[in-house]
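# Next come a sequence and a model predicted from it.
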Amino acid sequence: MSDAAISASGLRKSYGEQVVLDGIDLTVPQGTIFSLLGPNGAGKTTTVQILSTLTRADGGEIRVGGYDVAAQAHMVRTAIGVTGQFSAVDELLTGRENLLMMGDLLHLPRGESRRLAQDLLERFDLVEAADKMAGTYSGGMTRRLDLAMTLVGDPRIIFLDEPTTGLDPRSRRTMWDIIRGLVAQGVTVFLTTQYLDEADELAQRIAVLDHGRIVAEGTPDQLKRLVPGGHIRLTFTDRAGLAAAAQVLGGVPEAGDLTLAVPSDGDVKSLRAVLDRLDAAQIEPEGLAVHTPDLDDVFLSLTGQSVPEKENAR
């Protein structure tokens, strides 16, 4: 297996005359979290369906887990797990029974399934609820069980489609910790989410998909630097220092406050340049903070929409 857990080159998909994916390229290194963002209808769900062998592409070279998705679909399925935004949990079974059912579907020996189920119940903090009907679980517990069921087959690559939709903030952060823990063990996570802060918090790399094309890709910080509006905010103890800094650096003092905002893309080189100019003028700020646009700003700039909407079809 190469360093890429997932690679796609020239991925294309159309439904009739509607072009859904127009030749996209993706590379996801092993043991990382990669997030795909995009507005409703951009092609996120179609991309996941193709990569997870649920839908065939019209064109392109695609490998997942080192296997060709078209020619070795069965081998791809042995390497992946998929957790959708709609739970696969059977509410009429207990948490333990749901995990044992997954073991049966994968033809695991019953003894191994029992050991694995107990291990997963412990890892996902579900031991106390293990023998209760899943229909009595909270939303956060259900999502944890759903992800635990995905792990029964010990997948190296997991596709998470909207994993925290509908969860309260505490449950979302619990899921984030679980996802980070999986990646620390070498699992690769391909994440689609409607929450930009979730992608910012978790993903090492993010791709923005719009009208079937990748319009930007990079680390969260790299994407934020694509959008104007970044600045260094300097704080001073008195107005004399503020005025002197404004004369040296330019920028606009903030009304009613002893702070100065200096335009900057936030990288180390520009920060060092500001500090060098202040040092040469013997001006000492009390505090310094770097502000860059957030992913909401990036999304708006690239797609014309302020936040991604849930993708209900294709």
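Cool, got the structure.
# show me where pLDDT drops low in this protein?
1-2, 85-86, 229, 255, 305-314 (pLDDT under 70).
# per the record, what domains does it have?
Domain ranges of the chain: 4-89+137-224, 231-292, per automatic domain parsing.
# now the helices: where do they sit in the chain?
Counting by DSSP state H, the chain has helices at residues 44-51, 73-79, 95-105, 110-123, 139-150, 169-184, 196-202, 220-224, 239-249, 268-280, 295-303.
# tell me which residues of stretch 38-47 are tucked away?
For stretch 38-47, the neighbour count (16 or more other C-beta atoms under 10 Å) marks 38-39, 41-47 as buried. The C-beta positions use only the backbone N, C-alpha and C, and glycine is treated the same way.
# With stretch 205-217 instead?
Within stretch 205-217, the residues that count as buried by 16+ other C-beta under 10 Å are 205-210, 212, 214, 216-217.
# picking that back up, of the buried residues of stretch 38-47, just say which sits nearest to residue 130.
Of all the buried residues of stretch 38-47, the one with the least separation from residue 130 (C-beta to C-beta) is residue 45, at 32.4 Å.
# surely that closest one meets residue 194?
No. Using C-beta atoms under 8 Å, residue 45 is not in contact with residue 194, being 11.9 Å away.
# I'd like the distance between residue 193 and residue 98.
To residue 98, residue 193 is 24 Å away according to C-beta to C-beta, to the nearest Å.
# do the same with residue 17
In this view, residue 17 and residue 98 are 42 Å apart by C-beta to C-beta.
# quick one: which of the two has more around it?
residue 98 (22 against 5; other C-beta atoms under 10 Å).
# Am I right that the more buried one is in contact with residue 90?
Yes. Counting by C-beta under 8 Å, residue 98 does reach residue 90; the two are 5.7 Å apart.
# which residues do those two both contact?
residue 134 (C-beta atoms under 8 Å, 6 or more residues apart in numbering).
# related to what we said a few turns ago, distance to residue 131 added to the buried residues of stretch 38-47, as TSV?
Below are the buried residues of stretch 38-47 laid out as TSV (distance: C-beta to C-beta, whole Å):
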residue	distance to residue 131
38	41
39	43
41	43
42	42
43	42
44	37
45	35
46	39
47	39
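# And those, which is closest to residue 266?
So of those, ranked by how close each gets to residue 266 (C-beta to C-beta), first place is residue 38, at 24.9 Å.
# for the nearest residue to that closest one once chain neighbours are set aside, what are its contacts?
The shortest distance from residue 38 to any non-neighbouring residue, by C-beta to C-beta, 6 or more residues apart in numbering, is to residue 209 (3.6 Å). Taking C-beta under 8 Å, 6+ apart, we find residue 209 in contact with 24, 36-38, 42-44, 47, 215.
# rerun at 6 Å
Applying C-beta atoms under 6 Å, 6 or more residues apart in numbering to residue 209 gives the contacts 36, 38, 42-44.
# Then residue 106?
Residue 106 sits next to residue 153 when contact means C-beta under 6 Å, 6+ apart.
# quick revisit: which one of the domains of the chain is the most hemmed in?
Greatest average neighbour count among those goes to domain 4-89+137-224 (a mean of 19), per mean count of other C-beta atoms under 10 Å.
# tell me how far the ends of it are from each other?
25 Å (C-alpha to C-alpha, to the nearest Å).
# Give me the spatial nearest neighbour of residue 235, chain neighbours excluded.
For residue 235, the spatially nearest residue (C-beta to C-beta, 6+ apart) is residue 287, at 3.8 Å.
# Could you do residue 120 as well?
Residue 120 sits nearest to residue 148 (C-beta to C-beta, 6+ apart), 4.3 Å away.
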